[in-house]
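In: Fold the stuff below for me.
(3 chains, ligands or ions: 2)
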Amino acid sequence: MITFDDVVKVYPGGSTAVDHLSLELPTGKTTVFVGPSGCGKTTSLRMINRMIQPTSGRILIDGKDVAGQDEAELRRGIGYVIQHAGLFPHRTVLDNVATVPMLLGKSRREARAVAAELLERVGLATEFASRYPAQLSGGQQQRVGVARALAADPPVMLMDEPFSAVDPVVREGLHREFLRLQKDLGKTIAMVTHDIDEAIKLGDVVVIFRQGGHLAQVGTPQELLEHPADEFVAEFVGRDRGVRSLSFDSAADLPVRPLPADLVLDDAGRPAGWSTGESTGGTFTVADSLRLVTDLAISSPVGIAVRVDDHGKADGVVPHHDLVDHLAARRGRK
Amino acid sequence: MNLNYLFDPAHWNLEDGSIPLLILSHLWYVVLALIIGTIIALPIGLYIGHTGRGSFLAINAGNAGRSLPTLGLLMLMVTLLGLGLTPVLIALTVLVIPPILTSAYAGMRSLDPRVVDAARGMGMRPWQVLTKVELPMALPVLISGFRSAALQVVATATVAAAVGLNGLGRLLIDGLAVNDYSRVLAGAIVVAVLAVLLDLVLALAQRWIVSPGLR
Amino acid sequence: MSSYLSNNWDTILTALRQHIWLALVPVVLGFVIALPIGYLGVRFPRLYHPLVNVCGVLYSIPSLALFVFLPVLLGTKILSPLNIVVALTIYTVALLSRTVADGLRSVDPLVVESATAMGYRRLRRLVDVQLPVALPVILAGLRVATVANISLVSVGALIGVGGLGQLFTRGFQLFYLEPIIVGIVLSVALAGIADLTIVLIQRWITPWTRFQGRTA
Ligand SMILES: Nc1ncnc2c1ncn2[C@@H]1O[C@H](COP(=O)(O)OP(=O)(O)O)[C@@H](O)[C@H]1O
Ligand SMILES: [Mg+2]
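Out: Ligands and ions are numbered 1, 2, ... in the order given. A predicted model of the protein is given here:
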């Protein structure tokens, strides 16, 4: 657990970047700091590994004040990923990743073995190991950055806008990879982003900052979408927050109707389209979210979303008026 | 060693061999060499930088030119052409060309290609792109090359005295010949001051010419 | 020409040998001295501009003047090669201190920052990360300094110790072209070989630079 205890940072020149921040980042979870540019996210993050010294207050990792620890030792135990990755241009990809294990005293051979394993883990083929950073695309560099931060298997990771510098398609891939890795590894992660969608997608806990280093709200993504604390948060999470909050509700308890006659099935019982010749536009399973079902129902030419089982066989449909009733009932429950 | 020679008023009148006249002849060599060198090197450097053709030449001209020993070149020219301004100018111009050529090239190469592209996209003709966009943006690098050329040529123009010509080198060579270290010191100080002043003037010119947006 | 060469072979070789020593010893000394000075200009940013200015002034002292003064300042004999070595070392330091500072400043701050965040201490970060990344700039400066030194040594001939420069003064005094031409050719060749050597060393120790500026 990372604890901010009444932390203040005033830069020389008088601007208050962080104003009496008290906060707990749960162990094994991803906590995302989000807010408009200049609101003190980076400053808060960098105080954790002492890249910036707080003006007052304490920061503790698992109860231990970071201020009492040797800076270099502390940092070797904390992974750090930044925008553009900050890779060493003079070292191969493999040696970049091997950096911290070697700082910690591992032999070059051991460190490289660890590095090779990690590269594979973040989805980089072995052929990249001997390249230099300048020979990689932005997305690949970012993966190397993540691998490098993971190399010493630190319990804590700090990530400052790690996915901001790549295009949306690549970012999408990196997000998937990140969620998969984090599911396996369960690191305590503090991540900074200015993108609320990214925060909602990746965060177990989202911390919204407002200008001047003030906390606006802390909560799970769902809490923020459904119960924004004030106008600022509501505005920041966006006008379509109602629709987006449906991402967090399961489609499992949605009532379905039997398959209608005009739904065409193939030999294996999978939906092949409507008898009018139009496509179903996709299907959902009980594991999907209400948001997907809503989307399917709205975009379907006949206003009906089709559910399938684990084998892809159609097992029910949801017409959009049923969906509306369900949403109204859900609203009553909340 | 003392400053007597430098501060003796007799050396500051306008007679032959006085300090002011030596300064003038020194500056004359320097300015001529800078002008001729610029006329030769600037267009070539700009052209190579603009087109990217002959980059190898531009990069290596710098070091090749620097490797020519000025004293040897000067003595060669005097032996071939006889005593006069021409051999001095040839030797000093060879010294001036490399830094100007290299910096003109580097200045053009340092331009953000997107800006040049935008200028073309707005409908500027090649000549307009060069004079209104590329040159102004390349100026900081170019002028710093010109400044280092000026510094170098001010210091090196002293060798003119070694072949019997004027310039502040006279104080060094003549002082050395008669073991008058006060005179040598005077020469060294005046040259260094001249170099610093010239650099200052060029720095001011740079402030004035270069757009504040590029500082 | 060939009779000049065969008759004066020994003189030429001696001059060449002296030239090499007089030019290269200052390069090595100057480089070693410039490293810490340049580093200080980066470690304490306030020192950078004074450093650049002092180096500029030092470089604008005419070499001839420096060659002449050093005996007075150091108490060496006027014909001692030490004068040339010290003078050229001063020029090399003036040139390379700035280059080292500029090289270190050219290192992407994000790279330095991520090294710090990974737990590098200051000295090891300098040796493992900053200096290697700055090498292309530093070696470019080293090329300039080496070539400049090789051509400057000959000015020493005006005070009697100048390697190949002595061939210039001899030819000039005797109104005789051959020694001057031989001196120039050897001096330029020497500079070319030295320059090429540094380029080859650079290729060998900075293999990553070949890929920079190609992909994103
Ligand atoms: N080194 C610094 N010196 C002075 N002010 C700074 C410094 N770094 C950041 N600031 C100021 O502190 C505030 C917060 O900065 P930062 O934490 O980088 O914001 P964010 O990461 O949320 O965009 C900003 O107003 C910024 O201008
Ligand atoms: Mg930030």
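In: What count of nearby residues applies to C:Ile90?
Out: Summarising burial for C:Ile90: neighbours were counted as other Cβ atoms under 10 Å in any protein chain shown, giving 20. Any C-beta I mention is one placed from the backbone N, CA and C, and that applies to glycine too.
In: excluding its backbone neighbours, what's nearest it?
Out: C:Leu58 (6.1 Å; Cβ to Cβ, 6 or more residues apart in numbering or on different chains).
In: Tell me the helix or strand right after the helix or strand encompassing that neighbour.
Out: Per DSSP states H and E, C:Leu58 falls inside helix C:48-59. Downstream of helix C:48-59, the next assigned helix or strand under DSSP H and E is helix C:63-74.
In: can you give me the angle the helix holding C:Leu58 makes with helix C:63-74?
Out: 100 degrees (axes from the mean of the first three to the mean of the last three Cα atoms, to 10 degrees).
In: Can you read off the pLDDT for the residue nearest to C:Ile90?
Out: For C:Leu58, the model assigns a pLDDT of 86.
In: okay, now it: neighbour count?
Out: Neighbours around C:Leu58, by other Cβ under 10 Å: 16.
In: Correct me if wrong: it contacts C:Thr92.
Out: No. Contact criterion Cβ atoms under 8 Å: C:Leu58 and C:Thr92 do not qualify, at 10.3 Å.
In: what packs against the helix holding C:Leu58?
Out: helix B:135-156, helix B:181-209, helix C:9-43, helix C:81-105 (3 or more Cβ pairs under 8 Å, 6 or more residues apart in numbering or on different chains; DSSP states H and E).
In: Check which residues of the third one are buried.
Out: With burial defined by 16 or more other Cβ atoms under 10 Å in any protein chain shown, the residues of helix C:9-43 counted as buried are C:12, C:15-16, C:18-20, C:22-27, C:29-31, C:33-35, C:37-39, C:41-42.
In: so what secondary structure elements neighbour that helix?
Out: Judged by 3+ Cβ pairs under 8 Å, 6+ apart, the packing partners of helix C:9-43 are helix C:48-59, helix C:81-105, helix C:131-152, helix C:165-174, helix C:177-205.
In: and it with helix C:48-59, angle?
Out: 160 degrees.
In: Pull the distance from helix C:9-43 to the chain's centre.
Out: Chain-centre distance of helix C:9-43: 6 Å, with Cα atoms, centre = their mean, to the nearest Å.
In: what's near enough to touch the spatially most central residue of chain C?
Out: When chain C is reduced to its mean C-alpha position, the nearest residue by Cα atoms, centre = their mean turns out to be C:Ala145, at 2.8 Å. Taking Cβ atoms under 8 Å, 6 or more residues apart in numbering or on different chains as the contact definition, C:Ala145 lies against C:27, C:30-31, C:91-92, C:95-96, C:99.
In: So residue 22: helix, strand or coil?
Out: Let's take chain A. strand (DSSP: H, G, I helix; E, B strand; the rest coil).
In: Isn't it up against A:Asp5?
Out: Yes. The criterion here is Cβ under 8 Å, and A:Ser22 meets it with A:Asp5 at 6.0 Å.
In: quick one, which of those two is more surrounded?
Out: Shown here are A:Ser22 and A:Asp5; by other Cβ under 10 Å, A:Asp5 has more neighbours (15 against 11).
In: which non-adjacent residue is nearest that one?
Out: Distances taken as Cβ to Cβ, 6+ apart place A:Arg58 nearest to A:Asp5, at 4.5 Å, with adjacent residues excluded.
In: Could you check how far that neighbour is from C:Leu167?
Out: 74 Å (Cβ to Cβ, to the nearest Å).
In: Same check on A:Thr43?
Out: 66 Å.
In: neighbour count winner among these two?
Out: Set side by side, A:Thr43 and C:Leu167 show more neighbours around C:Leu167, with 30 against 23, by other Cβ under 10 Å.
In: any weak-confidence spans in the chain?
Out: No chain in the question, so chain A it is. Flagging of chain A using pLDDT under 70 yields the residue ranges A:333-334.
In: Actually, chain C is the one I wanted.
Out: For chain C, the ranges with pLDDT under 70 are C:213-216.
In: show me what contacts the residue with the largest distance to the centre of chain A?
Out: Farthest-out residue of chain A from its mean C-alpha position, per Cα atoms, centre = their mean: A:Ala261, at 41.9 Å. A:Ala261 makes contact with A:Ser275, according to Cβ under 8 Å, 6+ apart.
In: Secondary structure class of it, three-state.
Out: Classification of A:Ala261 using three-state DSSP returns coil.
In: Next, it: phi, psi?
Out: A:Ala261 adopts backbone torsions of phi -70, psi -30, taken as degrees, to the nearest 10.
In: element containing A:Gly57, please.
Out: Applying DSSP H and E, one finds A:Gly57 within strand A:56-61.
In: helices or strands next to that strand in the packing?
Out: Strand A:56-61 packs on strand A:2-10, helix A:41-48, going by 3+ Cβ pairs under 8 Å, 6+ apart.
In: Neighbouring strands of that strand in the sheet, and parallel or not?
Out: Partners of strand A:56-61 in the sheet, by DSSP bridges, are strand A:2-10 (antiparallel), strand A:64-65 (antiparallel).
In: Helix or strand next in line after the shortest one, which one?
Out: In this case it means strand A:64-65. Next in sequence after strand A:64-65, counting helices and strands by DSSP H and E, comes helix A:71-76.
In: quick one on the thing from earlier: any idea how far the residue nearest to C:Ile90 is from C:Ala87?
Out: From C:Leu58 to C:Ala87 the distance is 10 Å (Cβ to Cβ).
In: can you give me the helices for chain B?
Out: Counting by DSSP state H, chain B has helices at residues B:4-7, B:19-51, B:55-67, B:70-81, B:85-109, B:113-121, B:126-128, B:135-156, B:169-177, B:181-209.
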